[in-house]
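S.K.: requesting a structural model of the entry that follows:
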Amino acid sequence: MLDKHMRTHDAVPEEHVKTHTSAPEEHICMTTCTAESKEHLTTHTSESEEHLTTHTLESEEHLTTHTSESEEHLTTHTAESKEHMTTCTARLEEHKRTHTEESEEHMATCSSESEELERTHIATCFSESEEHKTIHDAESKEHMVSHTAESEEHMTTDTSESEDDMTTHTAVPGENMTTCYTRLEEHKRTQNAEVEEYMYMTTHTAESEEHIKTYSTELEEHMTTHNTDVEEHMRTYNADLEEQIRAYAVELTENMTTDTEKLDEQMRTHNERLEELIRTHAGNKHHEFDMTDKEFSQKICELVLLAKKLVFEHKHSTVEASNAHNV
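M.R.: Sure thing, here's the model as predicted:
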């Protein structure tokens, strides 16, 4: 047991010495790797900072250029939009003035016609009432004169007949009295009928006057309702007109935006062709089959004229579309 323990104890220091001896080599390798890593990190950091600086400068330059172009485009578009809105507003005001004048003229015409109709109807009713009253008064006077004459004649005749009967027909007084009573009853019936006719004419005159008053009231109510309906129609029409103008302004703005985008696309394509032509001419300048400088300048002028033509056609089509919609 003791020998075995000693052998184990002696073996441990040898293993420890081997491990301790190989440790410095590994330590030297780690130091070298660390130095290389630090150097690589320093180099990579420097390159990254340089790349970041370059990228930042390029981004700022690009942002400055883009901001300038955007501001210029926004200024141009804002000016065109303001000009267009000014034109639309002027047209709207002109249309509102014209419509207001027509509405006022229509209201004046309606009021004049209604007043004339009312005056004509009242004059007609009054004339008919006066004519009816005149005829009735004349008939009443004629009837009263005739009735008075008949009454006097009847009284004279009746008195004469009574005296004659009393003188000649003393033997038959009952028959004469019966005849007298019969005539008296007939006269009372006639007089009552005339009184009823006079009362009927009086009632008819009152009914005519009441009818005139009722018609005048109904006519005033009708005119009030008519004026209210006309005003409501005018408000509705003006609201519809303003809504149509707003919709037209929105549609025109959308069309102008679409046309502007199409024109920008055509101009970009045109500029790309122009730049490609310039690059081709610069790259092949000494080629024996290439265009001469004069031909190249002529080609450039043709492309510039084409661009101006596109812009002119765009503006002309926009103006025609606006005029066609207004008509």
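S.K.: which helix or strand lies directly C-terminal to the helix or strand hosting Ser127?
M.R.: Element membership for Ser127 (DSSP states H and E) is helix 2-168. Helices and strands here follow DSSP H and E; after helix 2-168, the next one along the chain is helix 173-283.
S.K.: how close does Glu61 sit to Ser68?
M.R.: Distance of Glu61 to Ser68, computed by CB to CB, to the nearest Å: 11 Å. Heads up, the C-betas are built off the backbone N, CA and C, glycines and all.
S.K.: please apply the same query to Ile245.
M.R.: 36 Å.
S.K.: so these two - more neighbours on which side?
M.R.: Ile245 (16 against 10; other CB atoms under 10 Å).
S.K.: so what pLDDT did that one get?
M.R.: For Ile245, the pLDDT comes out at 80.
S.K.: repeat that for Thr42.
M.R.: Note for Thr42: predicted pLDDT of 75.
S.K.: burial measure for it, as a count.
M.R.: Thr42, neighbours per other CB under 10 Å, totals 10.
S.K.: what comes up buried for stretch 252-263?
M.R.: Neighbour counts over stretch 252-263 (16 or more other CB atoms under 10 Å) mark 252, 256, 260, 263 as buried.
S.K.: just the C-alpha atoms of that stretch, please, in CSV.
M.R.: The C-alpha coordinates for stretch 252-263 follow below in CSV (Å, rounded to 0.1, in the frame of the first residue of the first chain):
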residue,chain,number,x,y,z
LEU,A,252,-59.2,68.6,-63.0
THR,A,253,-56.5,68.5,-60.3
GLU,A,254,-56.3,64.7,-60.6
ASN,A,255,-56.1,64.9,-64.4
MET,A,256,-53.4,67.6,-64.2
THR,A,257,-51.4,65.5,-61.8
THR,A,258,-51.7,62.5,-64.1
ASP,A,259,-50.8,64.6,-67.1
THR,A,260,-47.8,66.0,-65.2
GLU,A,261,-46.6,62.5,-64.2
LYS,A,262,-46.9,61.4,-67.9
LEU,A,263,-45.0,64.5,-69.0
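S.K.: distance to Glu36 added to the buried residues of stretch 252-263, as CSV?
M.R.: Shown next, in CSV, are the buried residues of stretch 252-263 (distance: CB to CB, whole Å):
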residue, distance to Glu36
Leu252, 70
Met256, 65
Thr260, 60
Leu263, 60
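S.K.: and which of the residues you listed is nearest Thr76?
M.R.: Taking CB to CB as the measure, Thr76 lies nearest Thr260 of the buried residues of stretch 252-263, at 9.7 Å.
S.K.: please report how far the closest one lies from Glu254.
M.R.: Note on Thr260: its distance to Glu254, by CB to CB, is 11 Å.
S.K.: again with Thr120
M.R.: Thr120 is 56 Å from Glu254, by CB to CB.
S.K.: what do you get for His226?
M.R.: Distance of His226 to Glu254, computed by CB to CB: 42 Å.
S.K.: check Thr89 too.
M.R.: Between Thr89 and Glu254 the computed distance is 19 Å (CB to CB).
S.K.: also Val230?
M.R.: When CB to CB is the yardstick, Val230 and Glu254 sit 36 Å from each other.
S.K.: I'm done for today, thanks for sticking with me.
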